Each structure stands twice: as C-alpha cells, then as structure tokens.
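**Student:** from the sequence below, what's the structure:
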Amino acid sequence: MTTQGFIAYHGVAKGGARDLLKTGFSGPRQAPHGIHLGGLEQARMRAGGGVVFAVEVLVDAGGAPFRRVRDQVGDWRATVARAVRAGVPGLVYLNRYEGIPTAAILRLHGHDQDHGHEAISSPMRGDGSTPDPSSSQHASSQHASSQHASSQPLSTRRLSGVDLDSLSDHAFLRLVPEARDSWVILDPALVRIIGPA
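**Tutor:** The predicted structure is shown next:
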C-alpha cells in the first residue's frame, strides 16, 4: 500500500532561497522550530518579498503521522521538542495568522473593503493597546494596517471584547472560515523541494 502525499508551500525571506536550495531542509536539531508549510497564500505572506517554494510532503495531509496542535503565538521550539520526544514526524494546526484575506479581517471589524484605508478605525498594537488617534504615527499606522491587513495577525486584536487567542479552533473557524491548516514537518526525509512556485 502506498501513502499518498500532498503539495504544500514554504515561504523564504529574501536571501534565504539559495541556502535552502543548496542544503535542503534541516531536522529539529538544526531547525528547532520545524519545517513550516502551508497553502500558497500563507507562504506568500510568510515570505514577504522573498521566494515561495512548492514542496511535496510524502505522507497524507490528514494521516496518522500528524498530531493536531494549537497555533503558537511565536515560539514553536517547546511544541516541536515535545513532538520529537513523542516520535511524531509532523504537526498540523489551524493557522490563525498567515493567509487570512484582508476582506475577512475587515468583515470581522464590521467594515467592508470599499472603505479603503479608513476601514480599520482603531488598529491594535501587539500588546492590545490602541495608538493615540491624534498622533501622526496613528495615521501612518492606520494606513499601513489597511494596506497590509492580511499580514497583521488576527489574534493580536480584540473584536467586540473577544480575545481571539482565547477561542478554540472550532470557535475561531466559525468567525474566520477562511482560516486553513498549516503543517510543521519534523523529519526532513518526509519533504521534497519541487522548486519556486
């Protein structure tokens, strides 16, 4: 019986593409955060102005080797280390950050996309505070927020008093049905770089 694989994508920041092509992916000792893969839009967002690679994963996306975990706000090392100790070759999680379309963010804020840069009226800082509306920094932040809303983590925002980080995946998906799974591969033998997407 053969295991059917799937195609996912990996975003690399500027300057990292040559190294990835030269050395390939590393295991958890060299890459303690694991090999993060996702959909094309997730990888594009992660890469910024860098390169997106198509990657073949040599196991089924929903198969037994993957353990479902919750998306991490930043540091994946502890989660990856626990999975490695348990002998799990990969993790799957509902991605609450990359690949969320701007339209979804605006919808959650009760605005539609036609309002342009005024759509997000009170951008939130990562600490949950709101910039002073009279400052010029607020105006440029507001413009940047609307222009790049899909690059802003949804879970750093509170919507109608709801802390998005506190929601279960099921509840988050009800609010943001556009959210998709991503994967963290722990065994580099399970992936093959196809090339730039």
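
**Student:** can you pull out the low-pLDDT segments for the chain?
**Tutor:** Counting by pLDDT under 70, the chain shows low-confidence ranges at 1-3, 60-64, 111-161.

**Student:** show me it divided up by domain.
**Tutor:** Using automatic domain parsing, the domain parsing of the chain gives 6-96+180-196, 102-175.

**Student:** so where do the strands sit in this structure?
**Tutor:** Using DSSP state E, the strands of the chain run over 6-12, 35-37, 51-57, 66-68, 90-94, 158-159, 162-163, 181-185, 191-196.

**Student:** gap between the first one and the chain center?
**Tutor:** Read that as strand 6-12. Averaged C-alpha coordinates place strand 6-12 at 12 Å from its chain's average position (CA atoms, centre = their mean, to the nearest Å).

**Student:** buried sites along it?
**Tutor:** In terms of neighbour count (16 or more other CB atoms under 10 Å), strand 6-12 has its buried residues at 8-12. The way it works is simple: take the backbone N, C-alpha and C, and place the C-beta from them, glycine included.

**Student:** contact partners of that strand?
**Tutor:** Contacting residues not belonging to strand 6-12 are listed as 20, 35-40, 42-48, 50-57, 60-61, 183, 193-194, 197 [CB atoms under 8 Å, 6 or more residues apart in numbering].

**Student:** got the CA positions of stretch 50-67 in PDB?
**Tutor:** Included here for stretch 50-67 are C-alpha records, laid out as PDB according to Å, rounded to 0.1, in the frame of the first residue of the first chain:
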ATOM      1  CA  GLY A  50      11.100  36.600  -0.700                       C
ATOM      2  CA  VAL A  51      10.600  33.300  -2.500                       C
ATOM      3  CA  VAL A  52       7.800  30.700  -2.200                       C
ATOM      4  CA  PHE A  53       8.700  27.100  -2.800                       C
ATOM      5  CA  ALA A  54       6.400  24.200  -3.700                       C
ATOM      6  CA  VAL A  55       7.200  21.200  -1.500                       C
ATOM      7  CA  GLU A  56       6.000  17.700  -1.800                       C
ATOM      8  CA  VAL A  57       5.100  16.100   1.600                       C
ATOM      9  CA  LEU A  58       5.400  12.400   1.300                       C
ATOM     10  CA  VAL A  59       2.600  11.500   3.700                       C
ATOM     11  CA  ASP A  60      -1.200  12.100   3.600                       C
ATOM     12  CA  ALA A  61      -2.200  15.500   4.900                       C
ATOM     13  CA  GLY A  62      -4.800  14.100   7.300                       C
ATOM     14  CA  GLY A  63      -2.900  10.900   8.000                       C
ATOM     15  CA  ALA A  64      -1.800   9.400  11.400                       C
ATOM     16  CA  PRO A  65       1.700  10.800  11.400                       C
ATOM     17  CA  PHE A  66       0.400  14.300  12.100                       C
ATOM     18  CA  ARG A  67      -0.600  15.400  15.600                       C
END
